[in-house]
Each structure stands twice: as structure tokens, then as C-alpha cells.
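Visitor: For reference, the sequence and a predicted model appear below.
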Amino acid sequence: MLRINLLVAGLAVTLAFASNPLHAADALPLTELAKPGRVLMLRHALAPGVGDPAHFELRDCTTQRNLDAAGRAQAVELGKRLVKAGIARAKVYSSQWCRCLDTARRLDLGPVAELTVLNSFFRRAEAREPQTAALREFLAKLPTEGPLVVLVTHQVVISALTGRGAVSGGGVILALNGTREPRVLGDIEVN
């Protein structure tokens, strides 16, 4: 019964964000990311389904929900759009989930480093607060005038940090300020 309730709750959250994924007035052009001290918290590209199977194993992509052909194309296209907006390189960090790593690599903006604070806590509510606090510490240590940082992660991580939703392949733009509370500037335009 608990598993069904979690699935229904997850689906409700997904549908709520899907019905109003962007704050239309807050959508910013990708050129905003070329400014110093910007972070793009990016939700992984399209990966059909919700959550992960019961037999999920972190280092075995065959046990996970993965990008489909549309998701792979979506990640490549976003990378091309970023280059067109003047961003050829970035510091790229990713959740250890295969769909996030695949998204990050397909952006083709530079080497991808795994960052555990970007991992999903969809079925581990007890991890939400300590993981979000650790992510805030990570962000506070980044240079406020540095190059773009891309964090490829999951819906639950984005909403825990920013209070906003993001569609698959969408994201939230942050401005670093040297604190645990980077400023939320808006969402990226999603085509």
C-alpha cells in the first residue's frame, strides 16, 4: 500500500509540474547563462516513466529508467542551443543516475563529474534535507564570477533547492552570490 501511495504522490507531483512547468514571465533566454556566476540546474532529458524500478542498481543502467530516443535528441539539441547562445564550455556536474549522466555527456560542454548531492531522493524523503543542505554548501563555494556551471539532476532536487518545477530537459537559472541561497533568476526557454 505504501508503494502505491508513493507512486500516486510522485505522479501527482509530476502532473502538477507538467501542467504548469514554466513560470512564463520568468523564462529567460539561454544567453543569460553566458554571464559570470551562473548555474543551470537542469532536469535530465526525456526518460519515460516515474521513479526507478524496484531492482534499481546505481551502476547498472539496465536496471534504471533511461533516456529514450527523444530524450537523447533533446539533450544533443540543448547542447547545440547553448553553443549558439555563446556557451561552448562549462563545468558540468551530474547525478550518478544513468539518465542524468547521459544527458550531461550529450550536452557536449566538457568533462562530466559525478556529484552525489545531485542524486535523486524520490523514494528517500529522509535524505531531502541533508542532501539539499550539502548542495547549498557546494553552491556557496563556487566562484561568483566563474564560468557557467551545469548541474544535471532530478525534479525532486531542483524543487527542493529552488521551489520550482522543471520539465524534462528544462531547468532553472541561478546567480551565485557566495551564500547558501543563490538567487533564482528564472527558467530556461524550452523549445
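Guide: In hand now; what should we look at?
Visitor: Can you classify Asp187 as helix, strand or coil?
Guide: strand (DSSP: H, G, I helix; E, B strand; the rest coil).
Visitor: how many other residues sit next to it?
Guide: Neighbourhood size, Asp187 [other CB atoms under 10 Å]: 24. Every residue, glycine included, has its C-beta placed from N, CA and C.
Visitor: Any regions of this protein where pLDDT drops low?
Guide: 1-25, 191 (pLDDT under 70).
Visitor: quick one, helices of the chain?
Guide: 2-19, 69-84, 98-107, 128-140, 155-162 (DSSP state H).
Visitor: For those, give me JSON lines that also has mean neighbour count.
Guide: JSON lines is the format used below for the helices of the chain (neighbours: other CB atoms under 10 Å):
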{"stretch": "helix 2-19", "mean neighbour count": "12"}
{"stretch": "helix 69-84", "mean neighbour count": "17"}
{"stretch": "helix 98-107", "mean neighbour count": "24"}
{"stretch": "helix 128-140", "mean neighbour count": "16"}
{"stretch": "helix 155-162", "mean neighbour count": "21"}
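Visitor: For Pro147, see how far away Ala175 is.
Guide: Plainly put, Ala175 is 14 Å away from Pro147 if you go by CB to CB, to the nearest Å.
Visitor: Same check on Leu82?
Guide: Distance of Leu82 to Pro147, given as CB to CB: 12 Å.
Visitor: what residues do these two have in common as contacts?
Guide: Ala90 (CB atoms under 8 Å, 6 or more residues apart in numbering).
Visitor: for Val157, what are its contacts?
Guide: Met41, Ser95, Leu118, Asn119, Ser120, Phe121, Gln131, Thr132, Leu135.
Visitor: so Leu46 makes contact with Ser168?
Guide: Yes - in terms of CB atoms under 8 Å, Leu46 counts as a neighbour of Ser168; the distance is 4.6 Å.
Visitor: which residues are in contact with both of these two?
Guide: With CB under 8 Å, 6+ apart as the test, Leu46 and Ser168 both reach Gly71, Gln74.
Visitor: so who does Phe121 touch?
Guide: Ala127, Arg128, Gln131, Val156, Val157, Ala160.
Visitor: measure the third one to Gly165 for me?
Guide: Separation of Gln131 from Gly165 (CB to CB): 18 Å.
Visitor: Also the fifth one?
Guide: Summarising the geometry, the distance separating Val157 from Gly165, computed by CB to CB, is 12 Å.
Visitor: With Thr62 instead?
Guide: Distance, Thr62 to Gly165, using CB to CB: 29 Å.
Visitor: who's more crowded, those two?
Guide: Per other CB under 10 Å, whichever of Thr62 and Gly165 has more neighbours is Gly165, with 22 against 9.
Visitor: so that one makes contact with Ile158?
Guide: Yes - counting by CB under 8 Å, Gly165 does reach Ile158; the two are 7.4 Å apart.
Visitor: Can I get stretch 90-97 in PDB, CA atoms only?
Guide: Provided in PDB are the C-alpha atoms of stretch 90-97 (Å, rounded to 0.1, in the frame of the first residue of the first chain):
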ATOM      1  CA  ALA A  90      31.000  24.800 -18.900                       C
ATOM      2  CA  LYS A  91      31.800  23.000 -15.600                       C
ATOM      3  CA  VAL A  92      29.400  20.100 -15.800                       C
ATOM      4  CA  TYR A  93      28.300  18.000 -12.800                       C
ATOM      5  CA  SER A  94      25.800  15.200 -12.800                       C
ATOM      6  CA  SER A  95      23.700  12.900 -10.600                       C
ATOM      7  CA  GLN A  96      25.100   9.400 -10.700                       C
ATOM      8  CA  TRP A  97      21.800   8.100 -12.300                       C
END
